[in-house]
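**Student:** here is my input, please return the structure:
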Amino acid sequence: QVQLQESGPGLVKPSQTLSLTCTVSGGSITTNIYHWSWIRQPPGKELEWIGSIGGSGSTYYSPSLKSRTSISRDTSENQFTLQLSSVTPEDAAVYYCARRVVGGPFGDWGQGTQVTVSS
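**Tutor:** Numbering: from 1, shown residues only. Predicted structure coming up:
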């Protein structure tokens with residue numbers, strides 16, 4: 001069974017770049033039927049999809065965050081990474097990594113990691 005685990009700093013200063021890594025076990029991030037994604041939930045708000053990386057390495061981003069987002073991967077470590085630049089307090093949220101079959105719902109989730117944006 002696949003497991004996903006987020007890691008990264010819980011506190012980021014405004015204007016800096018948020019960087020989170022998702023380590024995957026029990027499944028390969030190069031499997032083409034899956035998209036590996038980042039999703040966040042700000043306090044009191046709904047889940048927001050940030051972007052995904054496919055098994056081939058193709059990336060897909062939310063239009064509202066695309067200018068500040070980069071998702072990459074390390075296939076040797078079976079990890080994928082989110083970088084969100086120029087963060088503001090509005091980027092504070094619980095950040096999740098998740099997996100879904102292409103075109104399907106998000107079926108596997110990490111536990112989530114809280115990110116605070118503050119000086």
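**Student:** going by C-alpha atoms from here, please, whenever you check contacts or count neighbours.
**Tutor:** Noted.
**Student:** nearest residue to the residue most central in space within the chain other than its sequence neighbours?
**Tutor:** In the chain, the residue lying closest to the centroid (C-alpha atoms, centre = their mean) is residue 38, at 2.5 Å. Closest residue to residue 38 apart from its sequence neighbours, by C-alpha to C-alpha, 6 or more residues apart in numbering: residue 97 at 4.6 Å.
**Student:** just to revisit the earlier point, hmm, the residue nearest to the centre of the chain is touching residue 96, no?
**Tutor:** Yes. Residue 38 lies in contact with residue 96 (C-alpha atoms under 8 Å); the separation is 5.7 Å.
**Student:** the residue nearest to residue 38: what's it in contact with?
**Tutor:** Residues counted as contacts of residue 97 (C-alpha atoms under 8 Å, 6 or more residues apart in numbering) are 4, 5, 6, 22, 36, 37, 38, 39, 109, 110, 112.
**Student:** list the contacts of the helix or strand hosting the second one.
**Tutor:** Put plainly, it is residue 5. Residue 5 belongs to strand 3-7 when assigned by DSSP states H and E. With contacts defined as C-alpha under 8 Å, 6+ apart, strand 3-7 is touched by 20-27, 96-98, 108-113.
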